[in-house]
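# Just to be clear, the model below is a prediction. Sequence and coordinates:
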Amino acid sequence: MKSRVCVVFLLLVGSVTAQPSAVTIIHRVRVHVVFVNGACDLATHVRLVGLSGPVFEGVANDQCEVEFFNLPEGNYHLTVSGDRVTPAESGDINVTFGGPDEFEVPVKRPKDLYRNDGIFGNSLVSASDLSIPNRARQEFDKANEWIGKQEWAQAIHELNKAISIYPSYAVAYNNLGVIYSRMGDPRRELAALQKAISLNGHFALAYVNLGRMNITAGNFPAAETALDKASSFDPTDPMALVLLCYAEFMDHRFDEAIATSRKAHALDKSHAFVHRVAARAFEQKRQGASAIAELELFLKEEPSGPRAEAARKELQIVEAVLRPD
């Protein structure tokens, strides 16, 4: 399934009341998720996370809208997930009374959360696959060519031919799972990935793809289980750790997310994204100095681009709100 890009409109509605603590409360905030294909995916999950801790969650209705009530005024960011939604996170937004009435936030999955889109190619074939007949390999190669052209039906046809020749073709089942993911068919995606794992219980990439699937579905504990296995089978692959770090954070397991980010950072092929996740985990723990250090590491590894600009803005907010003693 192609990665979808959605746009989130944040509407401030209703009255505001002053509290004794002088914290301004926004009576109602409505989030409207808009997909580029014009359709609305039901049960889209939206989470509104405040820098200082409060988290508000909701599920979109048939109009792709979620309403949040009685939000403290302040800085937030949005996360969007669902069965047919690529996990996505917005940049920082400022919810204030008297500010803009509408926010338009483009949301898409960070590029760092992909490795070859989960497709198993020829260069990754291991010694355990040397028994695969040449005819099956040829069909597998044809399938990958069709995948490159996004011709899913043709790719599935060739992969099924490869499997008919060699029923134990685990990597073919893995690629079938990825294709079904792009086609928005989670039932067949799951069946294909489970079959790949049943044929090769140490197939790290299949576990990574299973972890991706569970993240998309918002099932973060299941994602953690799959990604932990992937990392144990291939400790040198940073992608399993990057995704595991994200899943642990979304599951509110902040200490684990921080520890996993450090494992990913220690690898030769580290990803700057884990430092953003670790920074958010430290923010939730109210540890400003550590959050600042993670954001500075992110900017050192990724000094330019849209995400760098977002990290600089977040750094300014953390320094102001969670200034270390």
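Right, received. Where do you want to start? Residues are numbered from 1 along each chain as shown.
# low pLDDT regions in the stretch 101-250 of the chain?
By pLDDT under 70, the weakly predicted segments of the stretch 101-250 of the chain are 101-130.
# Show the residue spans covered by the helices in it.
Ranges of helices in the stretch 101-250 of the chain, per DSSP state H, counting those that start in this stretch, are 134-148, 152-165, 170-182, 186-199, 204-216, 220-233, 238-250.
# Of these, which is nearest residue 73?
Residue 73 lies closest, by C-beta to C-beta, to one member of these: helix 238-250, at 24.7 Å. Just so you know, the C-beta spots here come from the backbone N, C-alpha and C atoms, and that holds for glycine as well.
# how close does the residue lying closest to residue 322 once chain neighbours are set aside get to residue 186?
Distances taken as C-beta to C-beta, 6 or more residues apart in numbering place residue 288 nearest to residue 322, at 2.9 Å, with adjacent residues excluded. With distances taken as C-beta to C-beta, to the nearest Å, residue 288 is found 40 Å from residue 186.
# follow-up on the earlier one: any chance of the helices of the stretch 101-250 of the chain in CSV, plus distance to residue 45 and mean neighbour count?
Listed next are these as CSV, based on distance: least, C-beta to C-beta, whole Å; neighbours: other C-beta atoms under 10 Å:
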stretch, distance to residue 45, mean neighbour count
helix 134-148, 29, 17
helix 152-165, 26, 18
helix 170-182, 18, 25
helix 186-199, 15, 19
helix 204-216, 10, 26
helix 220-233, 11, 21
helix 238-250, 10, 27
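# Include distance to residue 261 when you put the ones you listed into JSON lines, please.
Below are these laid out as JSON lines (distance: least, C-beta to C-beta, whole Å):
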{"stretch": "helix 134-148", "distance to residue 261": "31"}
{"stretch": "helix 152-165", "distance to residue 261": "35"}
{"stretch": "helix 170-182", "distance to residue 261": "26"}
{"stretch": "helix 186-199", "distance to residue 261": "26"}
{"stretch": "helix 204-216", "distance to residue 261": "16"}
{"stretch": "helix 220-233", "distance to residue 261": "13"}
{"stretch": "helix 238-250", "distance to residue 261": "5"}
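# Of these, which is nearest residue 293?
helix 238-250 (16.1 Å).
# Can you pull out the residues in contact with the closest one?
79, 87, 112-113, 115, 204, 207-208, 211-212, 214-215, 220, 223-224, 227-228, 230-231, 234, 254, 256-257, 260-261, 263-264, 267, 269-271, 273-274, 277-278, 280-281 (C-beta atoms under 8 Å, 6 or more residues apart in numbering).
# Using CSV, write out every CA atom in that helix.
Output in CSV follows, covering the C-alpha atoms of helix 238-250 (Å, rounded to 0.1, in the frame of the first residue of the first chain):
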residue,chain,number,x,y,z
PRO,A,238,18.9,-0.4,13.1
MET,A,239,15.4,-0.5,11.6
ALA,A,240,14.0,-3.0,14.1
LEU,A,241,15.4,-0.8,16.9
VAL,A,242,14.0,2.4,15.3
LEU,A,243,10.5,1.0,15.1
LEU,A,244,10.8,-0.7,18.5
CYS,A,245,11.7,2.7,20.1
TYR,A,246,8.7,4.3,18.5
ALA,A,247,6.3,1.5,19.5
GLU,A,248,7.6,1.6,23.1
PHE,A,249,7.1,5.4,23.3
MET,A,250,3.5,5.1,21.9
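# Check which helices and strands the next helix or strand after that helix sits against.
Counting by DSSP states H and E, the element after helix 238-250 in chain order, helix or strand, is helix 254-266. Contacts defined by 3 or more C-beta pairs under 8 Å, 6 or more residues apart in numbering; DSSP states H and E place helix 254-266 against helix 238-250, helix 273-284.
# could you give the angle of the shortest one to helix 238-250?
Helix 273-284 and helix 238-250 are oriented at 20 degrees to each other (axes from the mean of the first three to the mean of the last three C-alpha atoms, to 10 degrees).
# Report all helices and strands that the next helix or strand after helix 273-284 contacts.
As assigned by DSSP H and E, the chain's next helix or strand after helix 273-284 is helix 288-301. Using 3+ C-beta pairs under 8 Å, 6+ apart, the elements in contact with helix 288-301 are helix 273-284, helix 306-321.
# please redo it, this time with the cut-off set to 10 Å
Applying 3 or more C-beta pairs under 10 Å, 6 or more residues apart in numbering; DSSP states H and E, one finds that helix 288-301 makes contact with helix 254-266, helix 273-284, helix 306-321.
# Quickly compare the ones you listed and say which is most buried.
Comparing those by mean neighbour count (mean count of other C-beta atoms under 10 Å), helix 273-284 ranks first with a mean of 25.
# how far is that one from where the chain is centred?
Centroid displacement of helix 273-284 relative to its chain, using C-alpha atoms, centre = their mean, to the nearest Å, is 14 Å.
# model confidence over it, on average?
Averaged over helix 273-284, pLDDT sits at 91.
# what angle do it and helix 254-266 make?
Counting by the same axes, to 10 degrees, helix 273-284 lies at 150 degrees to helix 254-266.
# now helix 273-284 against helix 306-321, angle please.
Using the same axes, to 10 degrees: helix 273-284 against helix 306-321 is 20 degrees.
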